[in-house]
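> Based on what follows, work out the 3D shape:
(one chain, ligands or ions: 1)
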Amino acid sequence: MAKRGAWRTRFGFYLLAIGSACGLGNLWRFPYVVGENGGGAFILIYVFMALAIGAPMLIAELMIGKNSRRSVIVATQQLSQKAGRSFRWAGRFAVILSIVVLSYYAVISGWVLHFMTQFLISVFSPPEIVTAKTNLAALMSNGWLQLMLASAHLLITVVVVVKGVQEGLEKWISYTMPLFVALVVILVVRSFSLPSTPEVLRFLFYPDFSKLTWSSLNHALGHVFFTLSVGFGTLVTFGSYMREEDHPPTAGFRVTLVDTAISLIAVVMIFPVAFQASNVPLTDPALMFEVLPRYLLGIRGGALFGLAFFACLYMAALNASIGLLEVVVSNWVDAQKKMDRGRATWYSGLVALVLTIIPALSSSIFENVRVLGKSLIESLDSLLINWLLPLVALGILWAYNRGTSEKERELSFVDKDKFVSYTMYPHWRFTLQWVAPGVILLGLLLQIIGVFLG
Ligand code: PFF
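Numbers count the residues shown, from 1 in each chain. A predicted model of the protein is given here:
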């Protein structure tokens, strides 16, 4: 058997795992989902779900990969020998979900590319030209431009993945991440000096439970899985590259903490600016792309700052996309021994490109196509993240619960040198067995009730 690649350093694993977790989900999606669900109470539920449900499931997926040294399809097939034949499907669904999400993610990454180039232009041109160009509405009405940008993004992603797991990006991520953190902190400090801050803090941190809807629990869970990359098989693939001495519970917990912190920072960064602008609905997926560029163009040095910010955001989006493509490719290569990696990567990119046509044209040619009052891209987001993702994540979890013995689970969780791992083990087991499946099913049930009650 060919030797499977492993991370050269533990730092390499964290870079990729945190890089795949932190992306558009934190900076673009989280703020408007918080807006949709009324602020503080939702944030509270979200943070609780991330730590209580997301982290334990993330750890389980890393373990599936680390113990099997295989990608999600083959790994769940192995688990299904004990768990039952129907669980063979969990892994396949995860891979299908990954490629569909990649195609949709590519469109949003294309928006980031657009703003990045617009800021680049604006560094060299008079402000009045820029204001018109950076207008989000212009981009939204131009479907072909969106398709072109998404294709460019997919091409870049494919080229990076063809170069291999470690060589590709480690270097770049280690440069851009600290820069990005610094830029975000500067923005947070600046936006906190805006007069809207007290109102924003109340909105974000005063939990008003009456603002929650039937779907809020499921929206929180769906977003937890999306942002932590649970249910896609990415973590199984990453786990399969972990070194023997690495401890998935420690890694999983750290990734969850960093990811949740970044989401919280994103909301305190965006909302003061959004409240100040006041004409942008907080529930609008365009929230970040609307308020931030406008705000930045209005301040001194904003063009250069915007260029650096959107360049870093693009790196984050690219990183996350690499994670998604990597799942598809590693599964393909694992399942079909004859398929070579390079070819599998190009084919997967091509499939994603075809799928990307629908979300890319959603706000132009398909503008009038509405599902339950939502645009195509919004409906796709809801279908993928609020409905399918929790189900697939649950399928993988059940395969793990039923396909492994108590002894195996304990062995992979408890580390002799880590006292907390003894104390946490029973909680983790109980959560995987009862709490997580119960909460996921409850979330889906409440959402179904919400659909009927309107
Ligand atoms: N977690 C990423 C984000 O929050 O943007 C999205 C994502 C990346 C999901 C990679 C799944 C994945 F495999």
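
> chain center to the helix or strand harbouring residue 296, what's the gap?
Secondary-structure assignment from DSSP states H and E places residue 296 in helix 287-297. When C-alpha coordinates are averaged (Cα atoms, centre = their mean, to the nearest Å), helix 287-297 and its chain have centres 21 Å apart.

> Residue 302 and residue 310, how far apart?
12 Å (Cβ to Cβ, to the nearest Å). Where you see a C-beta, it was placed from the backbone N, CA and C, and this is true even at glycine.

> returning to that earlier point: residues making contact with the helix holding residue 296?
Outside helix 287-297, the residues that touch it by Cβ atoms under 8 Å, 6 or more residues apart in numbering are 27-28, 31-32, 35, 111, 115, 118-119, 122, 127, 130-131, 134, 136, 191, 270, 273-274, 276-277, 280-281, 284, 302-303, 305-306, 309.

> Same question for stretch 442-454.
Outside stretch 442-454, the residues touching it (Cβ under 8 Å, 6+ apart) are 213, 214, 215, 217, 218, 220, 221, 386, 387, 390, 391.

> Give me the mean pLDDT for that stretch.
Mean pLDDT, stretch 442-454: 93.

> Buried residues of it, list them for me.
For stretch 442-454, burial by neighbour count (16 or more other Cβ atoms under 10 Å) applies to 443, 444, 447.

> all helices of the stretch 301-450 of the chain, in order?
Counting by DSSP state H, counting those that start in this stretch, the segments of the stretch 301-450 of the chain that form helices are 302-335, 341-360, 376-381, 389-403, 406-413, 419-430, 436-453.

> Tell me which of those helices lies nearest to the ligand.
In terms of Cβ to the nearest ligand atom, the element of the helices of the stretch 301-450 of the chain nearest to the ligand is helix 302-335, at 3.6 Å.

> In this structure residue 101 contacts residue 380, no?
No - counting by Cβ atoms under 8 Å, residue 101 stays clear of residue 380, with 9.3 Å between them.

> Give me the more crowded residue out of these two.
residue 101 (26 against 21; other Cβ atoms under 10 Å).

> From residue 172, how far off is residue 453?
In terms of Cβ to Cβ, residue 453 sits 48 Å off from residue 172.

> Is any residue of the helix holding residue 296 near the ligand?
No - using Cβ under 6 Å from any ligand atom, helix 287-297 never reaches the ligand; the gap is at least 12.5 Å.

> rewinding a little: make a markdown table from the buried residues of stretch 442-454 and add distance to the ligand to it.
Shown next, in a markdown table, are the buried residues of stretch 442-454 (distance: Cβ to the nearest ligand atom, whole Å):
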| residue | distance to the ligand |
| --- | --- |
| 443 | 19 |
| 444 | 20 |
| 447 | 20 |
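
> Quick check: residues of the stretch 251-400 of the chain near the ligand?
320, 323, 324, 327.

> May I have stretch 342-358 as PDB, with CA atoms only?
Written as PDB, here are the backbone C-alpha positions of stretch 342-358 (Å, rounded to 0.1, in the frame of the first residue of the first chain):
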ATOM      1  CA  GLY A 342      -4.100  15.400 -10.900                       C
ATOM      2  CA  ARG A 343      -6.800  14.100 -13.200                       C
ATOM      3  CA  ALA A 344      -9.300  13.600 -10.400                       C
ATOM      4  CA  THR A 345      -8.700  17.300  -9.400                       C
ATOM      5  CA  TRP A 346      -9.300  18.700 -12.800                       C
ATOM      6  CA  TYR A 347     -12.500  16.600 -13.300                       C
ATOM      7  CA  SER A 348     -13.900  17.600  -9.900                       C
ATOM      8  CA  GLY A 349     -13.200  21.300 -10.700                       C
ATOM      9  CA  LEU A 350     -15.100  20.800 -14.000                       C
ATOM     10  CA  VAL A 351     -18.100  19.400 -12.300                       C
ATOM     11  CA  ALA A 352     -18.100  22.200  -9.800                       C
ATOM     12  CA  LEU A 353     -17.800  24.700 -12.700                       C
ATOM     13  CA  VAL A 354     -21.000  23.300 -14.300                       C
ATOM     14  CA  LEU A 355     -22.800  23.300 -11.000                       C
ATOM     15  CA  THR A 356     -21.800  26.900 -10.400                       C
ATOM     16  CA  ILE A 357     -23.900  28.200 -13.300                       C
ATOM     17  CA  ILE A 358     -27.100  28.200 -11.200                       C
END
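
> Show the average pLDDT along it.
96.

> Renumber starting at 181 from here on
Got it, first residue is 181 now, which makes that one stretch 522-538.

> Provide a list of residues in contact with residue 580.
240, 241, 243, 244, 259, 612.

> what's the most distant pair in these?
Spatial extent of those (Cβ to Cβ) is set by the pair 259 and 612 at 13.4 Å.

> So for these two, which sits in the more crowded spot?
Taking neighbours as other Cβ under 10 Å, residue 259 and residue 612 compare with residue 259 leading, 25 against 20.

> so where's the stretch 231-380 of the chain shaky on pLDDT?
306-314, 344-350 (pLDDT under 70).

> How about the residues of it by the ligand?
Residues of the stretch 231-380 of the chain lying near the ligand by Cβ under 6 Å from any ligand atom: residue 278.

> average model confidence for the helix or strand residue 399 falls within?
Per DSSP H and E, residue 399 falls inside helix 396-408. The average pLDDT within helix 396-408 is 98.

> next structured bit after the helix or strand containing residue 334?
Here residue 334 is covered by helix 323-342, with elements defined by DSSP H and E. Downstream of helix 323-342, the first helix or strand assigned by DSSP H and E is helix 345-372.

> From the contact counts, what lies against that next one?
Counting contacts by 3 or more Cβ pairs under 8 Å, 6 or more residues apart in numbering; DSSP states H and E, helix 345-372 is packed against helix 190-201, helix 323-342, helix 428-457, helix 482-515.

> Tabulate these (a markdown table), appending mean neighbour count.
Converted to a markdown table, these look like this (neighbours: other Cβ atoms under 10 Å):
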| stretch | mean neighbour count |
| --- | --- |
| helix 190-201 | 21 |
| helix 323-342 | 20 |
| helix 428-457 | 21 |
| helix 482-515 | 24 |
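
> longest helix in the chain, by residue count?
helix 268-304 (DSSP state H).

> between the contacts of residue 580, which is nearest the ligand?
Nearest to the ligand among the contacts of residue 580, with distances taken as Cβ to the nearest ligand atom, is residue 241, at 10.5 Å.

> Give me the spatial nearest neighbour of the closest one, chain neighbours excluded.
In this structure, residue 241 finds its nearest non-sequential neighbour in residue 415, 3.8 Å apart by Cβ to Cβ, 6 or more residues apart in numbering.

> Appreciated, that's everything.
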